[in-house]
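Visitor: Any chance you can model this:
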Amino acid sequence: MPTHKEQMKKYWKRNIRTVLILLSVWFVVSFGFGILLAEPLNAIKIGGYKLGFWFAQQGSIFTFVILIFVYVYRMNKLDEEFDVNEK
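Guide: So this is what the prediction gives:
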């Protein structure tokens, strides 16, 4: 049976892994799509706006908000898995 300290190390390792994955997604969307790939994406239009412009102006913000909800969901699942209770 793993000790409490070992369980908490696993918990924080998984937490940090989740954070790094979500930050990577946000980086790809905001920097990759909004800056590096803006020109190729500008060939596509959505609602009359170029897609590269949309990602630079709004896409990264929408993605960040969605990632917040994904993080909350993942952390709730992780808390259940490791039986972490709020007190």
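Visitor: number of nearby residues for the nearest residue to L37 once chain neighbours are set aside?
Guide: Excluding the flanking residues, the one nearest L37 by Cβ to Cβ, 6 or more residues apart in numbering is G52, at 6.9 Å. All C-beta atoms are positioned from the backbone trio N, CA, C, and that covers glycine. Neighbours of G52 under the rule other Cβ atoms under 10 Å: 21.
Visitor: you'd agree G52 is up against G32?
Guide: No. G52 is beyond contact range of G32, at 10.8 Å (criterion: Cβ atoms under 8 Å).
Visitor: How about the secondary structure of P2?
Guide: Using DSSP: H, G, I helix; E, B strand; the rest coil, the secondary structure recorded for P2 is coil.
Visitor: State the distance from it to M75.
Guide: The gap separating P2 from M75 is 20 Å, by Cβ to Cβ, to the nearest Å.
Visitor: Which one's more surrounded, the two?
Guide: M75 (15 against 9).
Visitor: buried sites along stretch 57-72?
Guide: By neighbour count with 16 or more other Cβ atoms under 10 Å, stretch 57-72 contains the buried residues 59-60, 63, 67, 71.
Visitor: Dump that stretch to CSV, restricted to CA.
Guide: Written as CSV, here are the backbone C-alpha positions of stretch 57-72 (Å, rounded to 0.1, in the frame of the first residue of the first chain):
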residue,chain,number,x,y,z
GLN,A,57,-7.9,38.2,-31.8
GLN,A,58,-10.4,35.8,-30.3
GLY,A,59,-9.3,32.2,-30.8
SER,A,60,-6.7,32.1,-28.1
ILE,A,61,-9.1,33.7,-25.6
PHE,A,62,-11.9,31.2,-26.3
THR,A,63,-9.3,28.4,-26.1
PHE,A,64,-8.1,29.7,-22.8
VAL,A,65,-11.6,29.8,-21.4
ILE,A,66,-12.4,26.2,-22.7
LEU,A,67,-9.1,25.0,-21.2
ILE,A,68,-10.1,26.4,-17.8
PHE,A,69,-13.2,24.2,-17.9
VAL,A,70,-11.1,21.2,-19.1
TYR,A,71,-8.7,21.7,-16.2
VAL,A,72,-11.6,21.9,-13.7
